[in-house]
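[1] Sequence first, predicted model second:
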Amino acid sequence: MLTKRIIPCLDVDKGRVVKGVNFVRLKDAGDPVELARFYYQQGADELVFLDITASCGNRKTMIEIVKKVATELFIPFTVGGGIRSVGDMRDILLTGADKVAINTAAINNPQLVEDGAKVFGSQCIVVAIDAKKIKNKWEVYINGGRTSTGIDVFDWVEQVAKLGAGEILLTSMDRDGTREGFDIELTKQVSESVSIPIIASGGAGNISDFKEVFQNGKADAALAASLFHFGELTINELKKYLVDNNIEVRK
Amino acid sequence: MIVIIDYGLGNLGSVKNALDKIGTLSIVSKSISEVEKADGLILPGVGAAKEGMRNLKSRQLDKVIMKEVAKGKPILGICLGMQLLMDRSEEGDVDCLKVIKGTVNKFNISLKVPQIGWNTVQWRKNQLFEDIPQGSCFYFVHSYYCSPKKKVIVGETNYGITFCSMFQNKNIFGVQFHPEKSGINGLQLLKNFTKIVYENNTSD
């Protein structure tokens, strides 16, 4: 049976892993390659690296990180942040990443999803969506959560699935870094609306949140950052707990 | 020397990185003479069958692979590379290398397609799975699967249906999952393939 995936997320700025609350108030959490190695040894199923400022200098640092990770760790990993063209995708993929995540660039140019999927295959293209609840509607935000697009999350999900996205990394901005738990309602509705896998993100605060998001949120994978970075929960512990709760994970 | 066949698709670097890690000498190459000289071959693959076959043919790699495999040279097809060893693929409705009898079919199931993630493989005793615990998970990313004759199926996986996740016919091996992305068990499988290459190689 296909197992549920546990994915630590490393937000990278100037070569360091950082983590904030609701996308701001950044706090240092360590060296990306060291953390990646640590999670690999603990049994992480995948890794995600997000270049959160995506400046020119950061891009070079990111390529160096990708190179090291690709030669040392043998699980799939995704790189996102500042990827704006098929050329940018190629740079990251040829350096050794398995997938690229695109967010703002996909909104600005949806064709990029289709072009990327055609050139590299859908399995390489992760569309990251930052969702925020405005009145009774979930809206897509871009530019690291700074800009509202007015686009409905469900319309966007449907469109990117049609364009050839392989997976959706769905972040609840309302929950990000708050540790109040994943947004179950949002995750469930998105997961049931498309036939591609959903990675739930934003809000993991304790071990039972993962059970909730898999059982009730219908997520295929769950992503978390600070909970793992600051040592409050190890991947081993989490997987043992999920097995005890009849959720299949890779041992 | 193991040659990782470069036919212009997919992430060849990750197979090379994994072989480097376990100390297996390898090169990524599209040269016919390198394929002829190799002790063993790996046909990797991420991408579409039609484009894969077109690229193999335009580089005349299809014929040399068939020739070397017929001589007994060990080959490991990974993911699309496994599928290309079959007779024919439904993906793009294309003729493949025809070294394993049967077709490649698309998942017709109620689950999400592609299958992405870690799934278990149940296998019959096989050199490729030596020192790997039964029921271990491997990383899969695919929408199509191989339907070969039952006697060559050595590993099976369940995803809506039970499908062939590994076949072997003498020197010809195929795995639907990505050993190069399957952590320590994947690395062990590549070590086992290396052993097979240097123990069983009958070609010169």
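    Right, received. Where do you want to start? Numbering: from 1, shown residues only, chains lettered A, B, ... in the order given.

[2] tell me the mean pLDDT over the helix or strand hosting A:Val157?
    Element membership of A:Val157, judged by DSSP states H and E, is helix A:153-163. Mean pLDDT, helix A:153-163: 98.

[3] Run the contact check for it versus chain B.
    No - judged by CB under 8 Å from any CB of the partner chain, helix A:153-163 stays clear of chain B, getting no closer than 10.6 Å. For glycine as for every other residue, the C-beta is placed from the backbone atoms N, C-alpha and C.

[4] got the buried residues for that helix?
    Going by neighbour count (16 or more other CB atoms under 10 Å in any protein chain shown), the buried part of helix A:153-163 is A:153-154, A:156-157, A:160-161, A:163.

[5] Chain B: which of the residues you listed is nearest?
    The shortest approach to chain B among these belongs to A:Ala161, at 10.6 Å (CB to the nearest CB).

[6] Quick check: chain neighbours aside, which residue is closest to that closest one?
    Nearest residue to A:Ala161, sequence neighbours excluded (CB to CB, 6 or more residues apart in numbering or on different chains): A:Val194, at 4.5 Å.

[7] Is it correct that B:Val28 is in contact with B:Asp6?
    Yes - using CB atoms under 8 Å, B:Val28 is in contact with B:Asp6, at 5.1 Å.

[8] any shared contact partners between those two?
    B:Leu12 (CB atoms under 8 Å, 6 or more residues apart in numbering or on different chains).

[9] which stretches of the chain have low pLDDT?
    Unless you meant another one, I'm taking chain A. Applying pLDDT under 70 to chain A flags residues A:20-26, A:56.

[10] Let me rephrase: I mean chain B.
    Using pLDDT under 70, chain B drops low at B:10-11, B:200-204.

[11] ranges for the strands of it?
    B:2-5, B:26-29, B:40-43, B:75-78, B:86-89, B:94-95, B:100-106, B:115-120, B:122-123, B:137-142, B:144-148, B:153-159, B:161-169, B:172-175 (DSSP state E).

[12] Quick one: distance of the second one to the chain centre.
    Okay, so that is strand B:26-29. From the chain centre to the centre of strand B:26-29 is a distance of 16 Å (CA atoms, centre = their mean, to the nearest Å).

[13] Tell me which residues of that strand come out buried.
    Buried residues in strand B:26-29 (16+ other CB under 10 Å): B:26, B:28-29.

[14] Considering these, which is situated nearest to chain A?
    Among the buried residues of strand B:26-29, B:Val28 lies closest to chain A (CB to the nearest CB), at 11.9 Å.

[15] Can you give me the distance of that closest one to B:Ser147?
    Look at B:Val28 and B:Ser147: by CB to CB, to the nearest Å, they are 30 Å apart.

[16] tell me which residues form a beta bridge with the nearest residue to A:Val126 once chain neighbours are set aside?
    Once flanking residues are discounted, A:Val126 sits nearest to A:Ala101: 4.2 Å by CB to CB, 6+ apart. Partner residues in beta bridges with A:Ala101, using DSSP bridges, are A:Gly80, A:Val126.

[17] Can you give me the neighbour number for whichever residue of the stretch 151-251 of chain A sits closest to chain B?
    When scored by CB to the nearest CB, the stretch 151-251 of chain A has A:Arg250 as its residue closest to chain B, at 4.0 Å. When counting by other CB atoms under 10 Å in any protein chain shown, one arrives at 24 neighbours for A:Arg250.

[18] just checking, it touches A:Thr3?
    Yes - contact criterion CB under 8 Å: A:Arg250 and A:Thr3 qualify, at 4.9 Å.

[19] Now do the helices in the stretch 101-250 of chain A.
    Applying DSSP state H, counting those that start in this stretch to the stretch 101-250 of chain A gives helices spanning A:104-108, A:111-120, A:153-163, A:184-193, A:207-215, A:226-229, A:235-244.

[20] Could you tell me which residues of chain B lie near chain A?
    For chain B, the contact set with chain A under CB under 8 Å from any CB comprises B:10-11, B:13-14, B:17-18, B:20-21, B:46-48, B:111-120, B:137, B:139-141, B:158-159, B:178, B:180-184, B:186-187.

[21] Can you select the buried ones from those in ChimeraX?
    Only the buried entries of the residues of chain B next to chain A go into this ChimeraX selection, using 16+ other CB under 10 Å:
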select /B:10,11,13,14,17,18,21,46,47,48,112,113,114,115,116,117,118,119,120,137,139,140,141,159,178,180,181,182,183,186,187
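
[22] where exactly do the strands run in chain A?
    Ranges of strands within chain A are A:5-13, A:16-21, A:24-30, A:47-51, A:77-80, A:99-102, A:125-134, A:137-142, A:147-152, A:167-172, A:198-201, A:221-224, based on DSSP E.

[23] Report all helices and strands that the longest one contacts.
    Same thing as strand A:125-134. Under the contact criterion of 3 or more CB pairs under 8 Å, 6 or more residues apart in numbering or on different chains; DSSP states H and E, strand A:125-134 touches strand A:77-80, strand A:99-102, helix A:111-120, strand A:137-142, helix A:153-163, strand A:167-172.

[24] got a list of contacts for the fifth one?
    Yep, that's helix A:153-163 we're talking about. The contact list for helix A:153-163, computed with CB under 8 Å, 6+ apart, reads A:106-107, A:110-111, A:113-114, A:117, A:127, A:129, A:131, A:138-140, A:168, A:186, A:189-190, A:193-196.

[25] quick one: buried residues of stretch A:98-116?
    So for stretch A:98-116, counting by 16+ other CB under 10 Å, buried means A:98-107, A:110, A:112-116.

[26] Go ahead and produce PDB holding the CA coordinates of that stretch.
    Extracted C-alpha coordinates of stretch A:98-116, given in PDB (Å, rounded to 0.1, in the frame of the first residue of the first chain):
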ATOM      1  CA  ASP A  98      14.000  15.800  -8.300                       C
ATOM      2  CA  LYS A  99      11.200  18.400  -8.400                       C
ATOM      3  CA  VAL A 100      10.800  22.100  -8.500                       C
ATOM      4  CA  ALA A 101       8.100  24.100  -6.700                       C
ATOM      5  CA  ILE A 102       6.600  27.100  -8.300                       C
ATOM      6  CA  ASN A 103       4.300  29.600  -6.800                       C
ATOM      7  CA  THR A 104       4.300  33.300  -7.800                       C
ATOM      8  CA  ALA A 105       5.700  32.500 -11.300                       C
ATOM      9  CA  ALA A 106       2.800  30.100 -12.000                       C
ATOM     10  CA  ILE A 107       0.200  32.700 -11.200                       C
ATOM     11  CA  ASN A 108       2.000  35.300 -13.300                       C
ATOM     12  CA  ASN A 109       2.500  32.800 -16.100                       C
ATOM     13  CA  PRO A 110       0.400  29.700 -15.900                       C
ATOM     14  CA  GLN A 111       1.900  28.500 -19.100                       C
ATOM     15  CA  LEU A 112       5.100  27.800 -17.100                       C
ATOM     16  CA  VAL A 113       3.300  24.800 -15.400                       C
ATOM     17  CA  GLU A 114       2.500  23.300 -18.800                       C
ATOM     18  CA  ASP A 115       5.900  24.000 -20.300                       C
ATOM     19  CA  GLY A 116       7.700  22.600 -17.300                       C
END
